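Participant: Need a 3D model of the sequence below.
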Amino acid sequence: MSSVQKQIEEIEAEMARTQKNKATNYHLGTLKAKLAKLRSELINGPGGKSAGSKDAARGFDVTKSGDTRVGLVGFPSVGKSTLLTTLTGTRSEAAAYEFTTLTCIPGTMKYKGARIQVLDLPGIIEGAAEGKGRGRQVISTARTCNLILIVLDAGKPLTHKKIIEAELFSFGIRINQVPPNIKIVKKEAGGIGYQEMVPQTKGMNADVCRLVLKEFKISCAEVILREDVTVDQFIDVIEGNRAYIPVLYVFNKIDSITIEELDILDQMPNYVPISSRDEWNLEELMEEIWQKCNMLRIYTKPKGQIPDYDEPVILHSEKNPTVEEFCNRIHKSLMASFSHAWVWGRSAKHQPQRVGKDHELCDEDVVQIVKKAG
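Facilitator: Okay, here's the model as predicted:
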């Protein structure tokens with residue numbers, strides 16, 4: 001066992017036996033900061049370089065293609081390869097024994113005009129973040145995805161879900177979370193400035209802030225907390241290399257469980273029950289992928305021609321994208337000669353409507369770009 005791994009276990013044991021109250025808050029904050037630094041060192045080598053550096057474990061070399069990228073993560077032999085073959089038509093070897101897939105196999109599926117790249121990643125095991133069973137390569141590739149599908153066997157214990165979540169967390173992936181609204185500005189001098197814009201109820205205060213920053217050798221900085229956050233979220237912002245990725249739990253092989261068991265699973269958020277072998281409920285899975293990736297279709301219309309409904313421009317946006325974002329998606333140089341646009345669809349007050357670059361578009365709008373004269 002490596003010395004770093006031993007230190008991590010010692011800190012985890014100390015945290016487990018420490019009571020959580022106001023008196024121990026500072027001590028726990030320091031332990032969490034030390035733990036985060038050691039995990040970073042374990043994954044990325046001495047110096048705690050980011051997961052994308054040349055010293056870190058490299059992911060599988062797969063060229064990014066299509067409009068969005070989805071990764072299939074799970075234990076061996078849960079049906080990931082069968083799901084890839086069913087969704088994309090790409091042949092991925094499937095068998096009854098474990099570790100059938102030994103490398104990353106990409107495939108592409110089309111849904112609502114969008115080309116979605118699906119990656120079948122090798123099965124991971126407990127301890128993957130420390131490098132067991134090519135786990136680092138698998139999770140490094142998962143970091144590059146717009147969405148992770150955690151594929152689980154509906155007939156196996158739910159503890160598998162917890163194990164995979166813990167491995168992704170250890171590697172700096174924060175599932176179904178958004179980056180906390182914290183601003184940290186390092187300074188040359190002046191000590192630590194600490195401001196709370198909202199009351200902190202989850203353990204953060206000025207003393208904990210200073211202890212954690214001291215652990216990361218930051219002595220002069222301005223810290224502004226704009227939301228109620230935990231110490232762990234504060235450490236994530238300091239480290240600055242976390243990936244915030246949406247996750248769907250795909251329970252495969254539902255043909256092997258009873259209706260009563262399915263009703264219990266149905267209480268879980270962000271979950272889709274399927275059977276990739278019998279092709280059950282795949283339409284709901286594809287719709288959930290579409291919704292989770294926040295994808296919208298915008299159709300282009302050349303002057304004097306009918307709109308191109310076969311190849312929409314796919315945009316990713318939690319709120320409605322603007323005409324400027326649409327133009328930049330087509331080509332970065334388009335805005336230099338942009339005059340105005342004609343828009344047909346739900347975002348237009350009348351059909352068509354002449355709009356500027358700040359007009360917000362809706363799903364399935366039709367846009368015609370007009371360039372400056374001359």
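Participant: who's in contact with the strand or helix carrying Tyr249?
Facilitator: Using DSSP states H and E, Tyr249 sits within strand 247-252. Under the contact criterion C-beta atoms under 8 Å, 6 or more residues apart in numbering, strand 247-252 has outside partners 78-79, 82-83, 147-154, 161, 175-176, 265, 268, 270-276, 285, 288-289, 292. (Each C-beta comes from the backbone N, C-alpha and C, glycine too.)
Participant: Narrow those to those that are buried.
Facilitator: 78-79, 82-83, 147-154, 161, 175, 265, 271-276, 285, 288-289, 292 (16 or more other C-beta atoms under 10 Å).
Participant: Tell me which entries of those lie within strands.
Facilitator: 147-153, 175, 271-273 (DSSP state E).
Participant: Mind listing the strands the biggest strand by length in the chain pairs with, and their directions?
Facilitator: Taking DSSP E as the criterion, the chain has its longest strand at strand 308-316. If you go by DSSP bridges, strand 308-316 pairs up with strand 295-300 (antiparallel).
Participant: Pull the partner strand out as PDB, backbone CA atoms only.
Facilitator: Provided in PDB are the C-alpha atoms of strand 295-300 (Å, rounded to 0.1, in the frame of the first residue of the first chain):
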ATOM      1  CA  MET A 295     -30.200  20.400 -26.600                       C
ATOM      2  CA  LEU A 296     -32.200  22.600 -29.000                       C
ATOM      3  CA  ARG A 297     -32.800  22.400 -32.800                       C
ATOM      4  CA  ILE A 298     -32.500  25.500 -34.900                       C
ATOM      5  CA  TYR A 299     -33.200  25.100 -38.700                       C
ATOM      6  CA  THR A 300     -31.400  27.200 -41.300                       C
END
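Participant: I'd like the average pLDDT over that strand.
Facilitator: Throughout strand 295-300, pLDDT has a mean value of 93.
Participant: coming back round to it: which two in the ones in strands among the buried ones among the contacts of strand 247-252 are spaced the farthest apart?
Facilitator: Leu147 and Asp153 (20.3 Å; C-beta to C-beta).
Participant: Is Gln137 in a helix, a strand, or coil?
Facilitator: helix (DSSP: H, G, I helix; E, B strand; the rest coil).
Participant: Closest to the centroid, which residue in this protein?
Facilitator: Residue closest to the mean C-alpha point of the chain, counted by C-alpha atoms, centre = their mean, is Ile245 at 1.1 Å.
Participant: Quick one: residues contacting that residue.
Facilitator: Ile245 neighbours (C-beta under 8 Å, 6+ apart): 142-143, 145-148, 173-175.
Participant: go again using 10 Å as the cut-off
Facilitator: 71, 142-148, 168, 173-177, 292 (C-beta atoms under 10 Å, 6 or more residues apart in numbering).
Participant: cool, and Met204?
Facilitator: 25, 29, 182, 194, 196, 212, 223, 225, 228-231, 233-234.
Participant: If we use 8 Å, what do you get?
Facilitator: 196, 225, 229-231, 234.
Participant: May I see the PyMOL selection of the buried members of the residues you listed?
Facilitator: Per 16+ other C-beta under 10 Å, the buried members of the contacts of Met204 correspond to this PyMOL selection:
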select buried, resi 196+225+229+231+234
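Participant: ok, so of the contacts of Met204, who is nearest Asp120?
Facilitator: Of the contacts of Met204, the one sitting nearest to Asp120 (C-beta to C-beta) turns out to be Thr230, at 34.5 Å.
Participant: so how far is the helix ranked longest in the chain off the chain centroid?
Facilitator: Ranked by residue count and defined by DSSP state H, the top helix of the chain is helix 25-44. In terms of C-alpha atoms, centre = their mean, to the nearest Å, the centre of helix 25-44 is found 23 Å from the chain centre.
Participant: Show me what that helix is packed up against.
Facilitator: helix 3-17, helix 206-215, helix 231-239 (3 or more C-beta pairs under 8 Å, 6 or more residues apart in numbering; DSSP states H and E).
Participant: so what strands line up beside the helix or strand just after it?
Facilitator: Once helix 25-44 ends, the next helix or strand along the chain (criterion: DSSP H and E) is strand 68-74. Partner strands and pairing direction for strand 68-74 (DSSP bridges) are strand 114-120 (parallel), strand 147-153 (parallel).
Participant: Outside of strand 68-74 itself, list whatever touches it.
Facilitator: 80, 83-84, 114, 116-121, 123-124, 138-139, 141-142, 144-152, 160, 164, 168, 289, 293, 295, 314, 316.
Participant: And stretch 170-181, by the same measure?
Facilitator: Counting by C-beta under 8 Å, 6+ apart, 39-40, 43, 51, 128-130, 136, 139-140, 142-143, 148, 165, 168-169, 225-227, 229, 233-234, 236-237, 239, 241-247, 270 sit against stretch 170-181.
Participant: and if you look at stretch 293-312?
Facilitator: 67-68, 70, 112-114, 146-147, 246, 313-318, 320-321, 326, 330, 342, 344, 361-370.
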